[in-house]
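Asks: Task: produce atomic coordinates for the following.
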Amino acid sequence: MEIKQLNLNPEQINNDKVKNLYDQMQQLIEKLNIKKLPSEIVQFINQQIEDINSTTLTGFQLYKFLKKIQTAIIKKLEADHKIVPKNYYRNLWTAVGMSAFGLPLGVVFGLSMGNIGLMALGLPIGLAVGVGVGTSMDKKALAEGRQIDMELKF
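Replies: Numbering: from 1, shown residues only. Just a heads-up that it's a prediction; the model follows:
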């Protein structure tokens with residue numbers, strides 16, 4: 001079973017942000033067509049594409065709609081089959097590292113030194129931990145063949 005193609009009216013794509021996201025969605029569909037996906041995932045993606053093709057939205061509303069659908073497709077692929085785009089885990093773990101590791105370490109460091117202004121020193125530590133963990137997970141996904149050969153930029 002093959003994934004359907006996007007078919008929006010060119011008049012709906014009236015600014016650069018929408019065009020870039022639309023082009024990225026088309027590239028994502030091409031890359032997913034190369035992968036051997038289960039039929040239930042293909043049906044889910046085709047339903048999302050039908051929703052896009054039938055919309056009459058333009059401008060910022062279309063951008064938000066496309067972004068929502070792109071996120072839903074990626075989350076479904078990741079949750080069900082652990083298929084992710086390049087740098088997915090790095091981007092995810094950067095934020096997690098800063099908030100879950102960096103801030104608590106910074107608070108401990110600031111309180112132990114008696115100067116809470118030093119709390120910000122934990123953020124770069126958390127950033128490094130998050131990037132390290134995320135990059136290793138991305139390498140593992142690549143080695144196992146679970147990575148889509150594209151990076152989501154929009």
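Asks: How is the chain partitioned into domains?
Replies: Domain assignment for the chain by the TED database gives 1-81, 84-153.
Asks: Now render those domains as TSV, adding mean pLDDT and mean neighbour count.
Replies: The way it works is simple: take the backbone N, C-alpha and C, and place the C-beta from them, glycine included. Output for the domains of the chain, formatted as TSV (pLDDT from 0 to 100; neighbours: other C-beta atoms under 10 Å):
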stretch	mean pLDDT	mean neighbour count
domain 1-81	94	15
domain 84-153	95	16
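Asks: Tell me the spacing between residue 127 and residue 111.
Replies: 21 Å (C-beta to C-beta, to the nearest Å).
Asks: Same question for residue 146.
Replies: Counting by C-beta to C-beta, the gap from residue 146 to residue 111 is 42 Å.
Asks: can you check residue 29 too?
Replies: In terms of C-beta to C-beta, residue 29 sits 51 Å off from residue 111.
Asks: Give me the next element, helix or strand, following the one helix or strand residue 124 maps to.
Replies: Using DSSP states H and E, residue 124 sits in helix 122-143. Moving toward the C-terminus from helix 122-143, the next helix or strand (DSSP H and E) is strand 147-148.
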